[in-house]
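> sequence and predicted structure, then a few things I'm wondering about:
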Amino acid sequence: MKNVKKSITVRKSNNIFIIILILIMLACAAGAYYYFNIYSKKYNPPPMETTAVEGVPEIDDVNKRGYAPFGISPDFRLKVCGEPEIDGDDINLYLTSIETNKVLMKCILVSEDESETVLAESGTIKPGTYLKSIKLKENLESGIQGAILKVQAFEPETYFSKGTANLKIVLNKS
């Protein structure tokens with residue numbers, strides 16, 4: 001009788017062990033599914049800017065527009081207008097990625113107030129190219145207002161961040 005009770009107890013503990021092992025395997029499978037099908041696909045790299053032009057822009061009145069270089073790091077240098085011209089729905093920033101850069105760049109123009117409303121956004125540009133203008137998402141009020149140009153840098157292959165530069169600029173809509 002004792003052997004029968006012992007045999008039943010061993011069988012029950014074996015069944016519990018098998019159930020726990022199956023649950024662990026299911027949890028591992030669910031974790032692998034989540035990682036490979038959901039987590040790893042969350043990031044979509046920004047699209048390349050289709051209107052970017054190779055070379056360096058020719059700006060009529062460089063002093064008036066404040067077209068100046070900014071060195072963020074040896075691999076991340078740019079030129080941009082500090083007082084860009086507003087031409088209808090376009091802001092002529094002349095965002096230039098220096099030819100020796102080792103990063104891709106994109107910019108987001110936001111309002112200077114606490115809300116940081118996105119006014120315009122570009123696609124990604126390569127080193128040695130420039131973006132003359134970006135299209136406004138909404139109309140600006142007439143007059144002078146401040147804005148922040150957020151320039152983001154990415155590694156070309158992985159799109160890992162290589163830094164962000166925030167530049168204050170002045171928008172003057174007549």
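Perfect, thanks for sending it. A quick note: this is a predicted structure, and the numbers were derived from the prediction, not measured. Numbers count the residues shown, from 1 in each chain.
> OK, contacts around the nearest residue to E112 once chain neighbours are set aside?
Counting by C-beta to C-beta, 6 or more residues apart in numbering, the nearest residue to E112 once its immediate chain neighbours are dropped is G146, at 3.8 Å. (Each C-beta comes from the backbone N, C-alpha and C, glycine too.) By C-beta atoms under 8 Å, 6 or more residues apart in numbering, the residues touching G146 are E112, K168, I169, V170, L171.
> neighbours of E99, just the number please.
Neighbour count for E99, taken as other C-beta atoms under 10 Å: 13.
> tell me the SS of it?
coil (DSSP: H, G, I helix; E, B strand; the rest coil).
> that one: what's its closest spatial neighbour, skipping adjacent residues?
Per C-beta to C-beta, 6+ apart, closest to E99 is G128, 3.9 Å.
> what number of residues lie near the one you found?
For G128, using other C-beta under 10 Å, the count is 15.
> ok, back up a step: next, the buried residues of the helix or strand hosting the residue nearest to E112.
Assessed by DSSP states H and E, G146 sits inside strand 143-154. By neighbour count with 16 or more other C-beta atoms under 10 Å, strand 143-154 contains the buried residues Q145, A147, I148, L149, K150, V151, Q152, A153, F154.
> what's the answer for stretch 129-144, then?
T129, Y130, L131, K132, S133, I134, L136, L140.
> what about those residues, which are in strands?
T129, Y130, L131, I134 (DSSP state E).
> tell me who's in contact with I22.
Contacts of I22 (C-beta under 8 Å, 6+ apart): none.
> how far away is it from F70?
Distance, I22 to F70, by C-beta to C-beta, to the nearest Å: 59 Å.
> same question for K150.
13 Å.
> equivalent analysis for C107, please.
12 Å.
> these two: who's more crowded?
C107 (23 against 14).
> G71 contacts T100, doesn't it?
No. Using C-beta atoms under 8 Å, G71 makes no contact with T100, being 10.9 Å away.
> among the contacts of G146, who's most crowded?
Neighbour-wise, those (other C-beta under 10 Å) top out at L171, 21 neighbours.
> quick one: mean pLDDT for the strand or helix carrying F36?
Assigned by DSSP H and E, F36 belongs to helix 2-37. The average pLDDT within helix 2-37 is 77.
> still on that earlier bit, could you pull out the residues contacting both of K150 and F70?
Joint contacts of K150 and F70 (C-beta under 8 Å, 6+ apart) are A165.
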